[in-house]
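>>> Structure here, sequence nowhere to be found:
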């Protein structure tokens, strides 16, 4: 198991992801979901729905962790999306981007 390539507060490492996450988090949520094989539109819309958005945001975060073999738990994923969803979406987007640029292989569990 590995760790996230950037911290939860590493938003300024990629300013385009940072700005999009802050001003339009539903776009980043949808793109993260799409990268994990889910519907961009559906997850983008779900991200705006309070507790429903927290749950489905955490499910995508869990999928990112599983695919890239990152340590963590679903409970922690829920807490990240409860207390700072913008930071969570940005961290997931940075991870997906950095792994794609590195040509990472997907680990299916």
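Looks like it came in fine. All of these numbers come straight from a predicted model, not from anything done at the bench.
>>> tell me which residues of stretch 89-102 are tucked away?
The neighbour-count check on stretch 89-102 (16 or more other CB atoms under 10 Å) flags 89-99 as buried. For every residue, glycine as well, the C-beta is placed using N, CA and C.
>>> Just checking the distance from stretch 3-15 to the centre of its chain.
Here stretch 3-15 is found 11 Å from its chain centre; the criterion is CA atoms, centre = their mean, to the nearest Å.
>>> and residue 39, what is it in contact with?
Residue 39 sits next to 30, 33 when contact means CB atoms under 8 Å, 6 or more residues apart in numbering.
>>> Can I get the buried residues of stretch 89-102 in a markdown table including distance to residue 45 and pLDDT?
What follows is the buried residues of stretch 89-102, written out as a markdown table (distance: CB to CB, whole Å; pLDDT from 0 to 100):
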| residue | distance to residue 45 | pLDDT |
| --- | --- | --- |
| 89 | 14 | 98 |
| 90 | 19 | 98 |
| 91 | 21 | 98 |
| 92 | 17 | 98 |
| 93 | 18 | 98 |
| 94 | 23 | 97 |
| 95 | 23 | 96 |
| 96 | 20 | 96 |
| 97 | 23 | 95 |
| 98 | 27 | 93 |
| 99 | 26 | 90 |
